[in-house]
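Participant: turn this into a structure:
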Amino acid sequence: MEKPSTLLVHFDKGSSAMAGEIKADLEGSDVAAKVDAMKRAVMLLLNGETLPQLFITVVRYVLPSEDHTIQKLLLLYLEIIDKRDAATGRALPEMILICQNLRNNLQHPNEYIRGVTLRFLCRLSEPELLEPLVPSILENLGHRHHFIRRHALSAISAIYRLPHGDQLVPDGPELVERALASEQDASARRNAFLMLCACAQERAVAYLLSNADRVAEWPDLLQMAAVDLIRKVCRSPNRADKGRYIKIIISLLSSPSPAVVYECAGALVSLSSAPTAVRAAANTYCELLSSQSDNNVKLIVLDRLNELRTSHRDVMVDVVMDVLRALASPNLDVKRKVLDLVLDLLTHRNVEEVVLYLKKEVVKTQAGELEKGGEYRQMLVQAIHACAVEYPEVAGSVVHLLMDFLGDTNVAAAVDVVLFVREIIETNPKLRVSMIQRLIDTFYQIRASRVCSCALWILGEYSLSLSEVENAISTIKQCLGDLPFYTVSEEGEATDSSKPAQPLVNSVTVSSRRPVVLADGTYATQSAATEAISTPSVAPGSLSSTLNLRSLILSGDFFLAAVISCTLTKLVLRLEEVQPSKVEVNKACTGALLIMTSILQLGQSSYLPHPIDSDSCDRIVLCVRLLCNTGDDVRKVWLESCRQSFAKMLAEKQFRETEEMKAKAQISHAQPDDLIDFYHLKSRKGMSQLELEDEVQDDLKAATGGFTKDADDANRLNRILQLTGFSDPVYAEAFVTVNHYDIVLDVTIINRTKETLQNLCLELATMGDLKLVDRPQNYTLAPESSKQIRANIKVSSTETGVIFGNIVYETSNVMERSVVVLNDIHIDIMDYISPATCADVTFRNMWAEFEWENKVAVNTIIQNEKEFLDHIIKSTNMKCLTPPSALDGECGFLAANLYAKSVFGEDALVNISIEKQFDGKLSGYIRIRSKTQGIALSLGDKITLKQKGSS
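Facilitator: All right, here's what the predicted structure looks like:
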């Protein structure tokens with residue numbers, strides 16, 4: 001890889017000892033042996049061997065061969081060998097020996113020999129060898145076979161682009177233009193047109209405009225070249241005839257080739273901001289989305305549509321239903337991107353249509369024919385939830401349908417449904433009565449503990465009328481079954497009282513001792529299965545299948561038992577307010593107390609392998625005491641405060657989202673003295689509607705700062721790193737540009753001596769997941785002159801990397817090479833991660849799944865908890881997921897979750913748990929978790945480095 005190569009073949013079994021064998025085979029008469037010998041010679045040359053004695057043998061014994069395979073291998077051999085003298089830089093004299101053979105090949109009666117020879121000449125860069133061959137190449141432009149004409153055009157293009165190629169073929173563009181006018185072969189026309197685009201752009205533009213009406217009939221290869229030319233031409237500012245090119249692109253949107261249509265849509269958006277042009281591009285993308293079956297194509301097209309959304313949202317709103325049709329794709333990644341895009345395009349005009357379409361998709365998932373139907377249903381529920389939160393008027397049309405999925409076997413989907421119901425019942429008071437009734441009717445279908453807990457909370461908070469309270473109490477009792485939960489037989493064995501023969505449910509995971517992260521970021525030991533689904537051993541629909549609460553309690557879920565106790569307490573307290581009969585109130589109260597005491601009895605028995613945990617036990621005992629002795633203050637806390645806190649949480653969430661939207665809506669403004677062309681003062685003669693719209697949009701961009709550069713040149717100075725000292729004979733500094741997947745180093749080297757530095761080389765090496773792309777070249781640097789050297793480095797993962805190296809050079813006075821060691825360049829992980837958001841449930845799931853954890857002890861001079869948190873957020877470029885209300889107040893303790901995403905799609909999770917000591921110092925830990933080791937370690941190093949200071 002020390003020199004440019006146009007050919008690469010893997011070969012690891014060769015050695016220089018094979019040269020003799022190769023020479024002997026080439027001198028023989030066996031054609032098969034010659035072919036094998038040429039293959040081995042090519043492979044050895046590609047792997048660094050020189051084989052200097054082989055050339056004459058090849059000229060004597062291989063050149064005269066008529067075999068096509070040998071001739072093809074001969075051209076590959078000639079392509080690889082050194083054809084220049086290293087000392088003088090001129091072509092080797094023996095290379096003249098092959099010129100006559102190449103000329104004969106260009107006049108060979110066999111088309112294949114002519115074609116491969118012309119293709120070989122495209123890779124030849126020695127003018128001395130090419131000059132005698134030019135007449136023969138030009139003769140092939142008129143050959144009857146398109147294969148030869150195609151490669152002859154490529155050869156002329158390659159020769160003309162050489163440093164002095166215009167002297168070898170002075171009339172090249174004119175000849176190619178003439179050939180293009182009469183050519184019929186698609187590939188040959190494409191090659192000719194590309195030559196004109198690269199070497200004589202005016203001729204290419206003239207040809208394109210003269211055939212503007214026929215461009216739609218061109219072959220797709222030529223159409224692609226035309227679109228590239230239009231992009232290049234229109235890139236120049238203040239192009240007066242841009243409208244003519246836009247017309248050509250719009251005519252190409254009807255091309256049968258999907259590749260041409262895709263390129264045209266992208267070119268149209270980049271050239272014009274006119275609504276007509278953008279709408280045409282959006283419709284084209286939507287057609288590709290529905291017509292192409294390849295999932296990768298769909299994902300790319302969705303990315304383009306998402307870019308359109310950011311700059312032309314008003315146009316994209318009109319095609320939202322066309323985008324939704326892509327949900328027919330079976331791929332979940334495509335579905336997820338479609339839903340994310342559609343949710344950003346909701347308006348009052350289209351939200352009802354969107355929700356209706358999503359409802360139909362939810363119904364389809366019930367059929368069970370879709371692969372990963374449960375996961376898709378969860379995505380749909382989340383999308384409908386987002387629609388209903390933003391536009392509450394559509395909630396009534398979907399909430400009752402979604403409540404049928406409270407008993408979904410996919411726990412995540414069921415949890416999303418119940419959270420949606422909880423939010424809608426608070427924000428839409430008109431739907432409260434019907435939703436409570438529907439929840440009571442479907443409660444027995446719920447099988448997940450977490451869904452049961454949330455549903456019970458809803459029943460306890462929003463059952464307000466007498467009938468609702470009584471129905472809720474009755475439903476809970478029915479789902480609990482007969483009391484007590486177990487009986488002791490005469491033999492002393494404990495059995496389920498409702499089914500003495502065998503336990504009601506199959507055994508479910510009873511406990512998990514794995515630490516879990518709570519909502520406030522702290523750790524706790526989970527002693528009851530919260531997401532397990534009971535598996536009834538009875539047929540669904542029978543009487544026993546309604547005992548879902550009993551099944552979960554007997555599986556050891558005492559957290560749910562505590563929730564049941566709290567719900568019954570709230571319902572009884574509310575019954576006292578709405579039930580005039582004291583007898584009925586007392587009856588309900590004693591029934592609730594019986595249930596609670598039965599749960600406590602079950603938890604303290606040996607019937608279950610694990611006893612009740614102390615938290616749940618204390619909570620149930622509190623409920624028992626409360627029902628035995630109630631007061632007005634306690635009643636207010638239980639019946640009003642809880643709901644008020646939930647309403648406050650929703651209001652704060654809405655406020656945060658509104659503030660984020662306002663921040664995103666801020667746009668840059670141009671300077672007041674920038675030049676603006678006024679649309680009404682322009683001449684409209686001969687302009688189509690599209691051209692007028694394009695002029696208007698350009699003026700609006702100029703007025704609103706659309707043409708201003710995002711990057712400020714002053715900030716470039718902050719990215720310059722000094723690599724050597726001022727007293728070193730060679731001074732070097734680097735400007736570092738970090739893109740997503742590569743790093744570009746623009747290194748400026750200055751010779752500070754009075755001598756010429758020869759063979760100066762910038763040698764770089766990397767540590768981490770960084771890889772050098774180019775091997776450094778040798779340069780000669782005159783006294784007190786400078787040189788710009790660019791180095792490209794590929795990045796494959798998110799972690800801190802180090803680039804180090806030195807500058808090596810020679811002087812005329814000293815024979816030994818001198819070395820200047822460079823300062824290390826540290827690539828900051830902050831260049832690759834950006835703040836992101838995710839749901840609380842998603843954060844917890846990822847925290848449980850990710851294997852790599854880095855635990856950093858807090859060591860800082862900052863003494864305020866909130867100030868320390870803000871410092872960490874600023875230093876790590878992460879987003880705090882914990883709401884500000886949870887961080888308010890002074891309690892001496894703070895726990896928060898931070899989240900960020902890398903450009904490679906990696907997730908970075910951080911949990912901060914700190915407390916203030918008696919001496920005022922902060923102590924605690926910062927835990928980082930990720931799926932890969934690199935990001936966890938790099939982020940930990942960054943935090944360790946930055947946490948001490950306050951700047």
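
Participant: L345 touches D318, doesn't it?
Facilitator: No. If you go by Cβ atoms under 8 Å, L345 and D318 don't touch, sitting 9.3 Å apart. For glycine as for every other residue, the C-beta is placed from the backbone atoms N, C-alpha and C.

Participant: give me the more crowded residue out of those two.
Facilitator: L345 (20 against 15; other Cβ atoms under 10 Å).

Participant: and the more buried one, what's its pLDDT?
Facilitator: For L345, the model assigns a pLDDT of 87.

Participant: A strand includes it, no?
Facilitator: No. Counting by DSSP: H, G, I helix; E, B strand; the rest coil, L345 is not part of a strand but coil.

Participant: the spatially closest residue to it that is not a sequence neighbour: what secondary structure?
Facilitator: What sits nearest to L345 in space, not counting adjacent residues and going by Cβ to Cβ, 6 or more residues apart in numbering, is V320, at 4.7 Å. Here V320 is helix, with the state taken from three-state DSSP.

Participant: flag every buried residue along the one helix or strand V469 maps to.
Facilitator: For V469, the host element (DSSP states H and E) is helix 466-480. For helix 466-480, the neighbour count (16 or more other Cβ atoms under 10 Å) marks E468, V469, E470, N471, A472, I473, T475, I476, K477, C479, L480 as buried.

Participant: average model confidence for that helix?
Facilitator: Averaged over helix 466-480, pLDDT sits at 88.

Participant: just the CA trace of it, in PDB.
Facilitator: Listed next in PDB are the C-alpha coordinates belonging to helix 466-480 (Å, rounded to 0.1, in the frame of the first residue of the first chain):
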ATOM      1  CA  LEU A 466     -72.000   5.400  44.100                       C
ATOM      2  CA  SER A 467     -72.400   2.800  41.400                       C
ATOM      3  CA  GLU A 468     -68.800   3.100  40.200                       C
ATOM      4  CA  VAL A 469     -67.400   2.700  43.800                       C
ATOM      5  CA  GLU A 470     -69.600  -0.300  44.500                       C
ATOM      6  CA  ASN A 471     -68.800  -1.900  41.100                       C
ATOM      7  CA  ALA A 472     -65.100  -1.400  41.600                       C
ATOM      8  CA  ILE A 473     -65.200  -3.000  45.100                       C
ATOM      9  CA  SER A 474     -67.200  -5.900  43.700                       C
ATOM     10  CA  THR A 475     -64.800  -6.400  40.800                       C
ATOM     11  CA  ILE A 476     -61.800  -6.500  43.100                       C
ATOM     12  CA  LYS A 477     -63.500  -9.000  45.400                       C
ATOM     13  CA  GLN A 478     -64.400 -11.200  42.500                       C
ATOM     14  CA  CYS A 479     -60.900 -11.200  41.200                       C
ATOM     15  CA  LEU A 480     -59.500 -12.100  44.600                       C
END
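
Participant: elements contacting it?
Facilitator: Judged by 3 or more Cβ pairs under 8 Å, 6 or more residues apart in numbering; DSSP states H and E, helix 466-480 is in contact with helix 432-442, helix 449-462, helix 548-554, helix 558-578, helix 582-603.

Participant: ok, L568 - contacts?
Facilitator: Contact partners of L568, counting by Cβ atoms under 8 Å, 6 or more residues apart in numbering, are I473, I476, A592, I595, M596, C623.

Participant: which residues touch the helix holding V469?
Facilitator: By Cβ under 8 Å, 6+ apart, the list of residues contacting helix 466-480 from outside reads 433, 436-437, 440, 443-444, 456, 459-460, 463, 546-550, 553, 564, 567-568, 571-572, 574-575, 578-579, 588, 591-592, 595.

Participant: which among the contacts of L568 gets closest to M224?
Facilitator: Relative to M224, the closest of the contacts of L568 is I476; by Cβ to Cβ it sits at 68.2 Å.

Participant: domain assignment for this protein?
Facilitator: 463-485+546-630, 719-827, 831-947 (the TED database).

Participant: distance between the ends of the shortest one?
Facilitator: This points to domain 463-485+546-630. In domain 463-485+546-630, first residue to last residue: 20 Å (Cα to Cα, to the nearest Å).

Participant: and the domains of the chain: which comes nearest I96?
Facilitator: That would be domain 719-827 among the domains of the chain, by Cβ to Cβ, at 29.0 Å.

Participant: show me how far the closest one is from its chain's centre.
Facilitator: Offset of domain 719-827 from its chain centre (Cα atoms, centre = their mean, to the nearest Å): 33 Å.

Participant: what mean pLDDT does it have?
Facilitator: 83.

Participant: now the terminal residues of that domain, how far apart.
Facilitator: End to end - Cα to Cα - domain 719-827 spans 11 Å.

Participant: can you list the buried residues in stretch 27-42?
Facilitator: Buried residues in stretch 27-42, counted by 16+ other Cβ under 10 Å: A33, K34, V35, A37, M38, K39, R40, A41, V42.

Participant: please list the residues outside the lengthiest helix in the chain that contact it.
Facilitator: For the chain, the longest helix by residue count, based on DSSP state H, is helix 642-665. For helix 642-665, contacts defined as Cβ under 8 Å, 6+ apart pick out R422, E423, E426, T427, E461, P883, P884, S885.

Participant: the first one and L456 touch, don't they?
Facilitator: This points to R422. No. The pair R422 / L456 is not scored as a contact, 11.2 Å apart, by Cβ under 8 Å.

Participant: so how far is the helix holding V469 off the chain centroid?
Facilitator: With Cα atoms, centre = their mean, you get 48 Å for helix 466-480.

Participant: coming back round to it: shared neighbours, L345 and D318?
Facilitator: Common neighbours of L345 and D318 (Cβ under 8 Å, 6+ apart) do not exist.

Participant: measure S255 to E287 for me?
Facilitator: Noted for S255: a distance of 12 Å to E287, by Cβ to Cβ, to the nearest Å.

Participant: more neighbours: these two, which one.
Facilitator: Legend: neighbour count by other Cβ under 10 Å for S255 and E287, higher for S255 (21 against 16).

Participant: distance check, the more buried one against A280.
Facilitator: 13 Å.

Participant: who's in contact with the nearest residue to I553 once chain neighbours are set aside?
Facilitator: Nearest residue to I553, sequence neighbours excluded (Cβ to Cβ, 6+ apart): A561, at 5.2 Å. A561 makes contacts with I553, I599, G603, I612, S616, I620, as judged by Cβ under 8 Å, 6+ apart.

Participant: on that earlier part again, for the contacts of helix 642-665, which one is nearest E361?
Facilitator: The shortest approach to E361 among the contacts of helix 642-665 belongs to E423, at 21.1 Å (Cβ to Cβ).

Participant: what does whatever helix or strand that closest one lives in contact?
Facilitator: Secondary-structure assignment from DSSP H and E places E423 in helix 411-427. With contacts defined as Cβ under 8 Å, 6+ apart, helix 411-427 is touched by 374-375, 377-378, 381-382, 384-385, 388-389, 392, 395, 399, 402-403, 405-408, 431-432, 435-436, 439, 446, 448, 450-451, 454-455, 457-458, 462, 531, 533, 643, 646-647, 650, 841.
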